[in-house]
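Asks: The following block contains a protein sequence and its predicted model.
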Amino acid sequence: MAHAEAEFSLSRIAKNGFSRRQNYIAGRVPDHLWKSPDLPEELAHVWVWFCELSASRTVGMSGANPISWLEMQAYFNLTQESPTRFELNAIRLIDIAALSDKKE
């Protein structure tokens with residue numbers, strides 16, 4: 001979760017109109033503010049699954065909608081993957097963090 005939250009934070013737009021990540025790359029942000037926790041290698045596939053699911057999420061009048069169980073079921077049927085309950089819950093938690101970051 002720490003990696004996901006750090007990634008979402010780096011995507012936020014700063015007052016100068018650029019994302020925090022862009023400001024760091026341009027040298028406008030000190031290194032200690034850029035460093036995010038490493039993504040554990042054993043969870044990298046869960047992050048990829050989340051990114052692919054998130055890219056096709058629906059959007060409503062109040063913004064992005066959560067990734068539904070039905071969307072996950074369709075995705076995993078199409079990709080012929082068999083996620084564990086832990087992996088499904090991890091995707092849900094990452095999604096909650098992503099949506100809450102967008103509201104800030």
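Replies: Good, I have the coordinates. Numbering: from 1, shown residues only.

Asks: worst-scoring helix or strand of this protein, pLDDT-wise?
Replies: Among the helices and strands of the chain, helix 31-34 carries the lowest confidence by mean pLDDT, DSSP states H and E, at a mean of 60.

Asks: Give the burial count for the nearest residue to residue 59 once chain neighbours are set aside, as a bare number.
Replies: Spatially, and ignoring its direct neighbours in sequence, residue 59 is nearest to residue 65 (6.5 Å; Cβ to Cβ, 6 or more residues apart in numbering). Yep, even glycine has a C-beta here, placed from its N, CA and C like the rest. Per other Cβ atoms under 10 Å, the neighbour tally for residue 65 reads 13.

Asks: wait, residue 65 sits on residue 57?
Replies: Yes - in this structure, residue 65 sits in contact with residue 57. The criterion is Cβ atoms under 8 Å, and the distance is 6.0 Å.

Asks: Tell me the secondary structure at residue 3.
Replies: Recorded secondary structure, residue 3: helix (DSSP: H, G, I helix; E, B strand; the rest coil).

Asks: Please tell me how far it sits from residue 65.
Replies: Distance, residue 3 to residue 65, by Cβ to Cβ, to the nearest Å: 23 Å.

Asks: likewise residue 80?
Replies: The spacing between residue 80 and residue 65, counted by Cβ to Cβ, is 25 Å.
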